[in-house]
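Chemist: Need a 3D model of the following:
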Amino acid sequence: MCAKMEGEGIPPETMAHSGMLRDTNYVKSTLQELQILQKAFQQFPDYQLVIAGHSLGAGVAVLLGLQLRSQYPSLRVFSFSTPGGMISHHTARYTEQFAMSVVLGNDVVPRLGVASVEKTFQEMMDALRSCRLPKYRIYLNGLGYVLFGVPAAHLESIWKDQKKVKSSSTSVKLVNRCTQTTINGSPDERSKDNLSNGGTDELSVVIQVYPELMGESPAENIPTVEISSRRFPQETLYTGGKVMWITKRKKEKTNKTDVREKLYDTRWASCVSEFNDITVSSGMLFDHLPEQVYDAMNLVLEHQGTRIEKERY
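Modeler: The predicted model follows:
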């Protein structure tokens with residue numbers, strides 16, 4: 001998943017997402033073979049090089065900027081919804097010098113990474129294990145909430161169970177989750193330092209089934225089923241560029257009409273510390289769409305007396 005990124009001007013010991021790095025190398029080789037940049041600067045010698053992209057293209061734009069910056073020191077990169085899990089910590093901070101990234105709301109893509117996905121998975125497992133509601137309701141209604149933005153109040157009314165489950169101090173859990181980890185020969189006791197060490201750590205999630213709650217006689221050996229096995233990378237990767245984070249503000253009614261107007265706040269955010277957790281919400285997918293980012297930027301600029309004009313092709 002990680003590959004070493006080397007080249008003139010690139011910080012030493014830089015690790016990058018292998019897939020995005022492969023695409024970046026392909027784009028760079030194509031530019032060199034066709035001499036696209038040389039021809040462009042011959043025709044427009046006073047111009048500066050600007051690289052832009054969205055989503056995967058944004059990641060490639062940042063990595064390509066890293067590779068070309070030694071040749072074009074004044075280049076600028078504008079990346080939109082840049083993926084997480086892309087580049088090493090120290091190199092991500094370095095890209096803030098020439099790259100600007102735009103993230104909208106709870107966009108999940110800039111937060112994607114092995115550590116963040118694993119953390120979200122564990123939190124979901126804990127929540128499902130602790131919840132007494134039928135799991136199919138949680139899955140179906142939760143999926144509807146993420147995809148269609150069903151109000152939380154509506155979900156709560158759907159999830160109401162007519163029969164209250166009486167708690168018992170003698171009750172036994174039907175399913176129990178156990179984590180088995182081996183780090184440098186020591187089971188359990190996993191920390192962030194362990195995850196970023198030189199080795200590769202494994203995590204196995206085991207389900208224990210209790211037969212007495214399934215109408216069966218308890219057995220001496222409780223069966224276990226390993227449902228997943230994960231391997232942590234040697235180094236945690238981050239998104240890149242100086243991040244302008246556009247967040248939604250609560251809608252307010254205008255003075256002239258009763259229509260609630262969309263409002264956004266903007267602020268600079270750290271690419272290495274503020275996008276390490278996945279926020280599960282109705283906007284985690286829609287906030288990634290380029291038209292959503294465009295509209296949000298347009299509204300922000302409109303409030304500042306500027307507006308983006310759409311180009312017609």
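Chemist: residue ranges for the strands of the stretch 1-150 of the chain, please.
Modeler: Remark: strands assigned in the stretch 1-150 of the chain by DSSP state E, counting those that start in this stretch are 2-5, 14-17, 50-54, 76-80, 99-104.
Chemist: any low-confidence regions in the stretch 201-313 of the chain?
Modeler: Of all residues in the stretch 201-313 of the chain, those with pLDDT under 70 make up the ranges 201-234, 251-261, 306-313.
Chemist: go with 90
Modeler: By pLDDT under 90, the low-scoring segments of the stretch 201-313 of the chain are 201-236, 248-263, 279-285, 301-313.
Chemist: cool, and the stretch 1-150 of the chain?
Modeler: Across the stretch 1-150 of the chain, the ranges flagged by pLDDT under 90 are 1-2, 113-150.
Chemist: Apply 80 and report the result again.
Modeler: Scanning the stretch 1-150 of the chain for pLDDT under 80 picks out the ranges 1, 135, 138-139, 141-150.
Chemist: Can you verify my assumption that residue 275 contacts residue 103?
Modeler: Yes - assessed by C-beta atoms under 8 Å, residue 275 is found in contact with residue 103 at 7.1 Å. For glycine as for every other residue, the C-beta is placed from the backbone atoms N, C-alpha and C.
Chemist: that older thread, of the strands of the stretch 1-150 of the chain, which is nearest residue 114?
Modeler: When these are compared by C-beta to C-beta, strand 2-5 sits nearest residue 114, at 9.8 Å.
Chemist: what's the closest one packed up against?
Modeler: Packing contacts for strand 2-5, counted by 3 or more C-beta pairs under 8 Å, 6 or more residues apart in numbering; DSSP states H and E, involve strand 14-17, helix 18-34.
Chemist: mind listing what's buried in the longest strand seen in the chain?
Modeler: For the chain, the longest strand by residue count, based on DSSP state E, is strand 242-253. Using 16 or more other C-beta atoms under 10 Å as the test for burial, strand 242-253 gives 242-247.
Chemist: do the same with stretch 105-112
Modeler: Neighbour-count burial for stretch 105-112 [16+ other C-beta under 10 Å]: 105-112.
Chemist: the domain parsing of the protein - what is it?
Modeler: The chain breaks down into these domains under automatic domain parsing: 1-111+237-313, 114-161, 173-236.
Chemist: Tell me which stretches of the stretch 201-313 of the chain form helices.
Modeler: For the stretch 201-313 of the chain, the helices defined by DSSP state H, counting those that start in this stretch occupy 283-286, 290-303.
Chemist: which residues make contact with the first one from outside it?
Modeler: When contacts are taken as C-beta atoms under 8 Å, 6 or more residues apart in numbering, the neighbours of helix 283-286 outside the stretch itself are 105-108, 146-147, 149, 248, 278, 292.
Chemist: Let me know which of the helices of the stretch 201-313 of the chain is tucked in deepest.
Modeler: Stretch with highest mean neighbour count among those: helix 283-286 (a mean of 17; mean count of other C-beta atoms under 10 Å).
Chemist: can I get the CA coordinates of it in PDB?
Modeler: The C-alpha coordinates for helix 283-286 follow below in PDB (Å, rounded to 0.1, in the frame of the first residue of the first chain):
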ATOM      1  CA  GLY A 283     -23.000  14.500   4.200                       C
ATOM      2  CA  MET A 284     -20.000  12.200   4.300                       C
ATOM      3  CA  LEU A 285     -20.600  11.100   0.700                       C
ATOM      4  CA  PHE A 286     -22.400  14.100  -0.800                       C
END
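Chemist: got a list of what residue 104 touches?
Modeler: If you count contacts by C-beta under 8 Å, 6+ apart, residue 104 has them with 81, 246, 287-288, 292-293, 296.
Chemist: ok, 6 Å please
Modeler: By C-beta atoms under 6 Å, 6 or more residues apart in numbering, the contact list for residue 104 reads 246, 287, 293, 296.
Chemist: Give me the spatial nearest neighbour of it, chain neighbours excluded.
Modeler: residue 287 (4.5 Å; C-beta to C-beta, 6 or more residues apart in numbering).
Chemist: Name all residues that make contact with that neighbour.
Modeler: By C-beta under 6 Å, 6+ apart, residue 287 lies in contact with 104-107.
Chemist: Out of these, which is nearest to residue 12?
Modeler: Closest to residue 12 out of those is residue 107 (31.0 Å), distances taken as C-beta to C-beta.
Chemist: Settle this for me: that closest one is touching residue 292, isn't it.
Modeler: No - contact criterion C-beta atoms under 6 Å: residue 107 and residue 292 do not qualify, at 8.8 Å.
Chemist: Would you confirm that residue 92 contacts residue 241?
Modeler: No - using C-beta under 6 Å, residue 92 is not in contact with residue 241; the gap is 8.1 Å.
Chemist: neighbour-wise, which of these two wins?
Modeler: Taking neighbours as other C-beta atoms under 10 Å, residue 92 and residue 241 compare with residue 241 leading, 26 against 23.
Chemist: what about the more buried one, distance to residue 27?
Modeler: Distance, residue 241 to residue 27, using C-beta to C-beta, to the nearest Å: 17 Å.
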